[in-house]
Every structure is written in structure tokens, then in C-alpha cells.
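Colleague: from the sequence below, what's the structure:
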Amino acid sequence: MTEALIHKTAENSGDTAAPASVPPVESPAAPVPAEVPLSAGDVEAAVHAIADRSRQAARRMAMANRAWKDRALRAVGAALQESTAAILSANAKDVAAGKANGTSAAMLDRLTLTEARIAGLVAALENLAGLPDPVGNVVRGQTLPNGLRLRQVNVPMGVVAAIYEARPNVTVDIAGLALKSGNAVILRGGSAAEATNQVLVRLLREALESVGLPADAVQTVDQYGRAGANVLMRARGRVDVLIPRGGRELIQTVVTNSAVPVIETGEGNVHIFIDESANEDMAVEILLNAKTQRPSVCNTVETLLVHSGSTVLPAVAAALRKAGVRLHADERVRASLPASIESEPATDEDWGSEYMDLDLAVAMVDSLDEAVKHIRTWSTGHTEAILTNDLANAERFIAEVDSAAVIVNASTRFTDGGELGLGAEVGISTQKLHARGPMGLTELTTTKWIVQGEGQVRG
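Modeller: Just a heads-up that it's a prediction; the model follows:
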């Protein structure tokens, strides 16, 4: 088992004044030190108290206008820039501990922050600040024959909780998205990134206070360990939605055990199908990008399907091997490759694997139908791509493949909130209720109906 277990009253204008109706911000309560031993009852009471403070903070966040929230995002970005050295120092401790504990290379990559990655987080926050505020957006509206005026509008979820592991960048991404969409967030980032997250959460809370928003809009239960995560999962009524983000074991345990409504973010057993019309140069470039740019993330390709009529396999395989990719190939692929290109026999375990490393399963198929059948059998519903110069095949692939993202002639690495213009993402949902695919600002809102009348009564 993974360690992690266990509305808006002002218009979206450029006005920089804070709404007078928002209550004053109280000083943040100091968290209980991690070394203090607590009973199960004490942990439950402590986590419930955090959730209750989050609820109060969420009410104030829901009343903040866009300009106010954007100032908070920019304050967070400035704090990250000013505290880069402190963040990297804390992160180095986490990475060193991870190496000593035998953490996998893929997990270490996700755990590691660099100056460039921190700069990327700052850029994402600035991008979020430049996006429209989803709160108050009118989804639909009409005037009924009886004169009632209806509007369905986006409103914040309220209290959003996230359980994730070894991903300190998620701390900033989720907090930023939650704040912009008017929510409060409770974080459980796991012990692997404990030192880094402690610094990041402190900076987030201080930045909120600096602009007059409640520090309790960002809180963590990391100090209560696995027991705190379990209480968080059962805090139905105090927490509105829970988002797990991590490996299959973490996600499925949260989905199975949570009493709080869960938006399931899925693992990425991602496929690329090269049909017989695909261009060789394009296929090589896309496969290298999709597999090697950052192999530890969920939108990296894990299985390559190649049409038996295609001639690009030797060039693609050679390029992948040169880049250090280990090929797990079926008999037909192995027979078609030159002896100079190393591969090992694939098993059913390979077709179902999310390697998160420089490994790739490769199979040969005789038709688009066979490729789609393979994807339906083994896909986790995250992202699938087709490389083709045949418009009819592209349209069939789009229509018949049922995944959160379907891509034609581009890298699967584009299934990402930032790359798709969402600013950032909470995660990539592979379920079909409420949110699917990269989850940005709108996906952290729900809706309510506003009905305005002039004395009408129902007959």
C-alpha cells in the first residue's frame, strides 16, 4: 500500500478593491508539530477542525472577485521566486531521502524540483491569473412562458481535497487552480515530499494573507500522516470533493475507501497507433517526444501499435533504442526488426503496464480494427493517438476510441492542462461524470440555478 494512505458578489472586473462584504481574515492556526503523538480520536478531531476552517475560508473565497484572486496568484508566484533557494534546499533533503529509501527513478524525477521547474510553476500561476474567472459564468439561461427568468451559473465546489505522492509541483498547481476558482483546498502530499511541501504550503498561506485572503484557504494534513489521509477520505459533509493523483495503487485505494465524492484521475497506459500511411520522419519525431521527453509522467506513450503494412518500424525502433528505450515486442515485431535492434519478448503484463520509465511495449496489427480492439482491451482511458495521412482512418479512430483524449498526428505529451490552455491542471480525469480529461478551472466548479420571478406561483 502506498505511503500516502493510509456566489460571487462582485463582477469580474479590473477593480482592485476587495469586496467589503468579505469578513476579515484571521491569523492562521499553527499546525500541530509532526512529532507530537496523537490518538486516532485526536487525529480525527484535528483533521475535522482543519476541514471546518477550510469551509469558513471557502465561503470567503467564493466572494472574492477576479482581481483579488489574481493578486493572490501573483503573490504566490513572487514568493516562489524569492524563496527558490529555500525550496530547493528542502527538496534536496526529500530527494536524498528518496534515494536512500530506494525510490524508483521515475518517482525521483517527479519528486525533484529545479530552478527551471520552479520558474515553470511561476509561469503557470501568471497564466492562471490571465485566464477568465469561471465563477459566475452563465452556462445557460432562458425566460419561461410564465415570465420566470432562469440562469445556470458556475459556482465554486467549496472544499477541495487532494491526496497525491512525491509531486511537490502538484501542491502549487492544485492550490493555484483552487484559489482562482474560489475554493479552499486541503492537501495530503505524502512523506516523500514532506520537507518541500512544508515550505510550499507556508509560502502559499503567507501569500494569501499578504493580499487579505484567508490563509486557511490552503491547508495540509501531512502532519497527521496516513491516519490523517484516512480521516480526510471519510470527511463527507466537511469536504466536497476529493481528487487522488498518483499511481494506480493510491488512486484505487482512495476510490475504494473514500466516503467523500471522488474525481478519479487515472493512470496512463497510453497508446500510439502508426497506420500504413504514416510519414516516417513524423513518426520518429513524435515517438521520441512521446516516450523520452519525460517518461515518468502519465501522458507518456507506453504501447506502440504498428500496422503490418507500414515501413516505418525499423527507423522508429532504431531511434528509440538509440535514445535508451527498452523495447518489449511481440513475435511479429521482433521478426521484422534487424538483428542490430535489441528487443525482448512482450507478455500480457507489458500490454497492461504503465512503465513510467524508458520502456515501451510494441505490437504489430493488421488493421485499424485490430488496433482499436487492442486499445479497448488494455487502455486505461487516458490518451490514445494515431499517426496517419488517411483522413478516413483518422475520423474512424476519433469516433471509435473512447478515451479522455484522442490525438491525431501529434505527441501524447499534449494531454496536459498547461499545454491545452487551461493554465494548469488538478489532474487528468479518466472517468465520465462531471469532468473528463485535463481538469482546469471550470472543472473545479459546480453550478447552481438562479430563478428570478415577479410573484409567480405554480398552478
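Colleague: residues contacting stretch 251-265, please?
Modeller: 1-2, 5-6, 161, 163, 230, 232-236, 239-245, 266-267, 426-431, 434-435, 439, 443 (Cβ atoms under 8 Å, 6 or more residues apart in numbering). Bear in mind the C-beta positions are built from the backbone N, C-alpha and C, glycine included.
Colleague: quick one: Ala385 and Asn183, what's the gap?
Modeller: Going from Ala385 to Asn183 by Cβ to Cβ, to the nearest Å gives 33 Å.
Colleague: for burial, what's the neighbour tally of Thr112?
Modeller: A count of nearby residues for Thr112, using other Cβ atoms under 10 Å, gives 20.
Colleague: surely it touches Lys93?
Modeller: No. With contact defined as Cβ atoms under 8 Å, Thr112 does not count as touching Lys93 (11.9 Å).
Colleague: gap between the helix or strand hosting Asp42 and the chain center?
Modeller: Using DSSP states H and E, Asp42 maps to helix 40-61. Centre-to-centre, helix 40-61 and its host chain are 24 Å apart (Cα atoms, centre = their mean, to the nearest Å).
Colleague: before we move on, what about stretch 112-119?
Modeller: On the basis of Cα atoms, centre = their mean, stretch 112-119 sits 18 Å off its chain's mean C-alpha point.
Colleague: and if you look at stretch 360-380?
Modeller: The answer for stretch 360-380 is 26 Å, by Cα atoms, centre = their mean.
Colleague: show me which residues of it are buried.
Modeller: By 16 or more other Cβ atoms under 10 Å, the buried positions in stretch 360-380 come out as 360-365, 368, 370-372, 374-375, 378-380.
Colleague: now, the residues you listed that are in strands?
Modeller: Of the buried residues of stretch 360-380, the ones assigned to strands by DSSP state E are Leu360, Ala361, Val362, Ala363, Met364, Val365.
Colleague: which single one of those is nearest to Asp216?
Modeller: Leu360 (45.3 Å; Cβ to Cβ).
Colleague: so which residues of the stretch 301-450 of the chain form helices?
Modeller: 313-322, 331-336, 348-351, 368-378, 391-400 (DSSP state H, counting those that start in this stretch).
Colleague: which other helices and strands contact the longest one?
Modeller: Using 3 or more Cβ pairs under 8 Å, 6 or more residues apart in numbering; DSSP states H and E, the elements in contact with helix 368-378 are strand 270-274, strand 301-307, helix 348-351, strand 359-365, helix 391-400.
Colleague: could you give the angle of it to strand 301-307?
Modeller: Using axes from the mean of the first three to the mean of the last three Cα atoms, to 10 degrees, the inter-axis angle of helix 368-378 relative to strand 301-307 is 160 degrees.
Colleague: wait, doesn't Leu208 sit right on Ala215?
Modeller: Yes. Contact criterion Cβ under 8 Å: Leu208 and Ala215 qualify, at 5.1 Å.
Colleague: returning to that earlier point: now render the helices of the stretch 301-450 of the chain as a markdown table, adding mean pLDDT.
Modeller: Supplementary listing: the helices of the stretch 301-450 of the chain in a markdown table, determined by pLDDT from 0 to 100:
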| stretch | mean pLDDT |
| --- | --- |
| helix 313-322 | 97 |
| helix 331-336 | 96 |
| helix 348-351 | 95 |
| helix 368-378 | 97 |
| helix 391-400 | 97 |
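Colleague: can you redo the ones you listed as a markdown table with distance to Gln452?
Modeller: Shown next, in a markdown table, are the helices of the stretch 301-450 of the chain (distance: least, Cβ to Cβ, whole Å):
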| stretch | distance to Gln452 |
| --- | --- |
| helix 313-322 | 60 |
| helix 331-336 | 64 |
| helix 348-351 | 56 |
| helix 368-378 | 47 |
| helix 391-400 | 41 |
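Colleague: buried set for stretch 409-424?
Modeller: Buried residues in stretch 409-424 (16+ other Cβ under 10 Å): Ser411, Thr412, Arg413, Phe414, Thr415, Asp416, Gly417, Gly418, Leu422, Gly423, Ala424.
Colleague: got it, and stretch 237-254?
Modeller: Buried residues in stretch 237-254 (16+ other Cβ under 10 Å): 238-247, 250-251, 253-254.
Colleague: how far does it stretch from start to finish?
Modeller: 17 Å (Cα to Cα, to the nearest Å).
Colleague: go on, stretch 149-162?
Modeller: Using Cα to Cα, the span of stretch 149-162 from its first residue to its last is 37 Å.
Colleague: can you give me the helices for the stretch 1-150 of the chain?
Modeller: Applying DSSP H, counting those that start in this stretch to the stretch 1-150 of the chain gives helices spanning 40-61, 66-82, 84-100, 105-111, 115-129.
Colleague: buried stuff in the longest one?
Modeller: With burial defined by 16+ other Cβ under 10 Å, the residues of helix 40-61 counted as buried are 43-44, 46-48, 50-51, 53-61.
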